[in-house]
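Engineer: With the sequence up front, the predicted model follows.
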Amino acid sequence: MIGKWLWRASLVDVLLVCWVAAGAELRLPAVISDNMVLQCGRAAPLWGWAAPGEEVTVALAGRMATGQAGNDGRWRVLLPALEAQEQGLEMVVRGSGGGVLRVKNVVVGEVWLCCGPSNLFWPVRRCDRAKQEIAAATYPRIRFFMVGRRMADEPQADCEGRWVECSPASVPDMSGVGYFFARQLHEDLKTPVGLMQSFWGGSRIEAWTSREALQANPALQPILDYWSRQLATFDPVRVQADHEKALAAWQSADG
């Protein structure tokens, strides 16, 4: 009986160890992935997750940076600056626990954030001369990252999305403003261009501005005061109840 109990306890211990190890897997955010563009001429912040206390080393084109995961499993390093590089590189991320990640076809150039409301999202396929523009859009050194839409009241460490090379297949649904800007920049500077696109119809400028930037300008204090009042009186239970009531009324009216 005791032997059977000890065997079961040992099995539980093994399962727990396996579960913890799986949960602490070396991982990168979506934006640090194949086909990405790193900003040239300045140290590049890179981050991810690993087991608490695990040492993580990132290597790319002869540059190397090492960091350690905190108690929450998050790590962050600054990779020394690189010059613009059109040739696809491989970034290697190694954890002291034995995990290895490889990010392929990395280029170094200009990285820009293209964000705003729906007019900025106007896609290439709806622009003038769309057919001709799409057919000519073979620019493998221009890369797009489309950020998935998700609301949050504080900065997020990860998001949904992936990097894609600019091509007739990928460009139709990309921002027209963003694409023509990236193409002009690429042609003028002769360097790779990465465009991170994030759009939300009807969004206001403060949604795209950090709290620190808003706090630094006294003229913008009314915006912070307004949202502080909104948060203080927000009742999620009441809002959900109002939504369900309005939905039921709409469904009844629809017949």
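Structural biologist: Thanks, I have the structure now.

Engineer: CA atoms for contacts and neighbours, from now on please.
Structural biologist: Fine.

Engineer: Give me the number of neighbouring residues for the residue nearest to Ser167 when sequence neighbours are not counted.
Structural biologist: Residue nearest to Ser167 in three dimensions, not counting chain neighbours: Thr138, with 4.5 Å by CA to CA, 6 or more residues apart in numbering. The local packing of Thr138 (other CA atoms under 10 Å) involves 16 other residues.

Engineer: Pro168 is in contact with Thr138, correct?
Structural biologist: Yes. Applying CA atoms under 8 Å as the test, Thr138 and Pro168 come out as touching, 6.3 Å apart.

Engineer: on that earlier part again, for the residue nearest to Ser167, what are its contacts?
Structural biologist: 166-168 (CA atoms under 8 Å, 6 or more residues apart in numbering).

Engineer: Just among those, which is most surrounded?
Structural biologist: Result: Cys166 is most packed of the contacts of Thr138 (other CA under 10 Å), 22 neighbours.

Engineer: Return the residues in contact with that residue.
Structural biologist: 137-144.

Engineer: all helices of the stretch 51-200 of the chain, in order?
Structural biologist: 130-135, 176-189 (DSSP state H, counting those that start in this stretch).

Engineer: Give me the pLDDT for Gly255.
Structural biologist: Here, the pLDDT recorded for Gly255 equals 58.

Engineer: Sorry, slip of the keys, the one I care about is Gly148.
Structural biologist: For Gly148, the predicted pLDDT is 89.

Engineer: Now do the same contact list for the residue nearest to it when sequence neighbours are not counted.
Structural biologist: Setting aside the residues directly before and after it, Gly148 is nearest to Glu160 in space (CA to CA, 6+ apart), at 4.8 Å. Glu160 is in contact with 30, 147-148, counting by CA under 8 Å, 6+ apart.

Engineer: how about a cut-off of 10 Å?
Structural biologist: Residues in contact with Glu160 (CA atoms under 10 Å, 6 or more residues apart in numbering) are 29-31, 145-150.

Engineer: quick one, strands of the stretch 1-150 of the chain?
Structural biologist: With strands called from DSSP state E, counting those that start in this stretch, the stretch 1-150 of the chain shows them at 37-39, 44-49, 55-60, 63-68, 74-79, 85-95, 100-116, 139-146.

Engineer: Who does the last one pair with, and is each partner parallel or antiparallel?
Structural biologist: Think strand 139-146. Note on strand 139-146: by DSSP bridges, its sheet partners are strand 163-166 (antiparallel), strand 193-199 (parallel).
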